[in-house]
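Engineer: Need a 3D model of the sequence below.
(one chain, ligands or ions: 2)
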Amino acid sequence: MTVTRGLEGVVATTSSISSIIDDTLTYVGYDIDDLAVNASFEEVIYLLWHRRLPNAEELAELKTQLAQNTALPPEVIQHFKMYPIKEVHPMAALRSAVSLLGLYDDEADLMDDEANYRKAVRLQAKMPAIVTTFARIRKGLEPVAPRQDLSFAANFLYMLSGKEPEPIAVEAMNKALVLHADHELNASTFTARVCVATLSDVYSGITSAIGALKGPLHGGANEAVMKMLSEIGTLENVEPYVRGKLANKEKIMGFGHRVYRKGDPRAKHLREMSKKLTELTGQPHWFDLSVQIEAIVTGEKKLPPNVDFYSASVYHSLGIDHDLMTPIFAVSRVSGWLAHILEQYENNRLIRPRAEYTGPGMQKYVPIEQRG
Ligand SMILES: CC(=O)SCCNC(=O)CCNC(=O)[C@H](O)C(C)(C)COP(=O)(O)OP(=O)(O)OC[C@H]1O[C@@H](n2cnc3c(N)ncnc32)[C@H](O)[C@@H]1OP(=O)(O)O
Ligand SMILES: O=C([O-])CC(=O)C(=O)O
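Structural biologist: Residues are numbered from 1 along each chain as shown. Ligands and ions are numbered 1, 2, ... in the order given. Sure, this is the predicted structure:
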């Protein structure tokens with residue numbers, strides 16, 4: 001047996017959703033640089049689910065479907081009030097809420113294509129409501145219902161704060177959603193595919209994926225970046241902090257990537273947004289700190305920033321609580337997870353690799369009274 005640690009370089013499936021070739025990321029053949037500048041998140045959802053961009057009518061229909069499906073069952077809202085709310089991480093709340101949603105969906109275990117597509121719409125529509133409702137309830141605030149006249153990105157910010165967001169905030173949010181929507185066979189998408197390849201249901205697949213995204217080596221890195229920036233605090237502290245961590249062989253969050261070698265193409269868009277937003281909101285030091293960290297890490301380790309590095313200061317500038325950064329990643333990535341789940345069902349085979357055994361050789365069972 002050949003063991004490939006972390007499955008590095010292993011090609012586990014074919015997919016027509018997104019590709020990373022020579023450090024270029026495409027969704028269905030559209031360069032992420034093109035989409036980041038031009039596309040709405042709703043168009044990207046359609047693109048990932050249908051493998052083509054929508055015409056105006058199709059886009060309007062998807063928007064209507066999303067708008068009609070945002071409401072959460074009262075039991076899901078109620079459950080946020082039932083646990084020790086201050087200590088619960090929003091990713092744990094999101095994971096639990098999605099699992100719970102499955103109990104209130106009559107079609108949860110219906111496996112035909114149309115039913116699965118309807119569940120995809122319902123989940124995509126409800127994810128922002130879950131994140132923003134939890135965020136408000138834990139502060140003792142009432143949930144805010146979405147507005148039909150706002151885009152997906154604008155509605156997220158509106159439901160979070162209760163105020164209509166500025167156009168620049170909506171632009172940043174839309175760009176972040178577009179950039180995070182899909183990424184080939186990353187850990188959480190792989191998790192979703194492994195789960196549904198047993199012919200388990202969509203809710204199980206998304207619940208599993210949220211669990212995988214939560215970790216700091218994956219989606220959880222954006223919150224970890226903000227924690228690092230806060231710990232560093234001043235420009236003078238950057239050098240000793242970062243060099244100290246590297247000397248201790250500790251990882252610098254938001255740097256490195258399993259697939260990209262020259263750099264993550266999404267990072268430059270978020271870097272630009274971070275510069276703009278931190279200046280606009282009168283807190284340019286977050287961007288300045290980030291740039292200094294980048295200079296040291298790329299200089300010392302030749303590791304470029306990934307999508308999580310500059311997204312941290314972008315979300316911070318939008319006034320978003322630091323522990324909501326990874327849930328926002330999930331609000332976007334659920335579009336990709338759902339596309340992959342539907343693709344997995346289309347041509348399914350159980351995913352079951354092997355492990356090389358390294359434990360003891362054959363042993364004989366010893367009755368408990370004879371054990372030392
Ligand atoms: C949306 C996303 O998921 S993007 C990734 C988000 N995660 C992070 O930002 C966390 C920090 N980064 C990392 O932990 C890694 O770069 C990963 C997990 C993203 C990719 O990891 P892998 O491809 O498995 O690389 P691995 O962890 O084996 O590291 C290879 C070498 O580079 C070093 N390295 C990798 N990333 C970093 C980093 N961020 N800081 C310092 N050193 C690093 C490792 O210490 C290791 O060094 P060694 O060979 O001297 O032991
Ligand atoms: O692809 C990966 O390994 C991680 C990543 O960047 C993502 O999921 O966006």
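Engineer: Give me the three-state assignment for the closest residue to Gly254 other than its chain neighbours.
Structural biologist: Nearest residue to Gly254, sequence neighbours excluded (C-beta to C-beta, 6 or more residues apart in numbering): Phe309, at 3.1 Å. No exception for glycine: its C-beta is placed from N, CA and C like everyone else's. Secondary structure assignment for Phe309 (DSSP: H, G, I helix; E, B strand; the rest coil): helix.
Engineer: Rounded mean pLDDT for whichever helix in the chain runs longest, please.
Structural biologist: Assignment by DSSP state H gives helix 113-137 as the longest helix of the chain. In this model, helix 113-137 carries a mean pLDDT of 97.
Engineer: how about it: buried residues?
Structural biologist: Within helix 113-137, the residues scored as buried using 16 or more other C-beta atoms under 10 Å are 115-137.
Engineer: so what's the residue in the stretch 1-150 of the chain positioned nearest to ligand 2 bridging to?
Structural biologist: Relative to ligand 2, the nearest point of the stretch 1-150 of the chain is Ile20 (7.4 Å; C-beta to the nearest ligand atom). Bridge pairing for Ile20 (DSSP bridges) gives the partners Leu25.
Engineer: who are the neighbours in contact with it?
Structural biologist: Contacts for Ile20 (C-beta atoms under 8 Å, 6 or more residues apart in numbering) come out as 183-184, 259-260.
Engineer: So which bits of this protein are right by ligand 2?
Structural biologist: Counting by C-beta under 6 Å from any ligand atom, the chain comes close to ligand 2 at 183, 186, 258-259, 306-307.
Engineer: Recalculate using a threshold of 5 Å.
Structural biologist: 183, 186, 258 (C-beta under 5 Å from any ligand atom).
Engineer: Run through this protein and note the low-pLDDT ranges.
Structural biologist: Along the chain, segments meeting pLDDT under 70 span 85-86.
Engineer: show me where it has strands.
Structural biologist: For the chain, the strands defined by DSSP state E occupy 18-21, 24-27, 30-31.
Engineer: wait, which of those is closest to Met325?
Structural biologist: Met325 lies closest to strand 24-27 among the strands of the chain, at 20.5 Å (C-beta to C-beta).
Engineer: Which strands and helices lie in contact with the closest one?
Structural biologist: strand 18-21, helix 32-38, helix 41-50 (3 or more C-beta pairs under 8 Å, 6 or more residues apart in numbering; DSSP states H and E).
Engineer: Just put those in a markdown table and tack on distance to Leu141.
Structural biologist: A markdown table is the format used below for those (distance: least, C-beta to C-beta, whole Å):
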| stretch | distance to Leu141 |
| --- | --- |
| strand 18-21 | 36 |
| helix 32-38 | 32 |
| helix 41-50 | 25 |
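Engineer: and Arg266, which of the ones you listed is closest to it?
Structural biologist: Among the helices and strands packed on strand 24-27, helix 32-38 comes nearest to Arg266, with 6.2 Å by C-beta to C-beta.
Engineer: Mind listing what's buried along the closest one?
Structural biologist: Buried positions in helix 32-38, judged by neighbour count with 16+ other C-beta under 10 Å: 32, 35-36.
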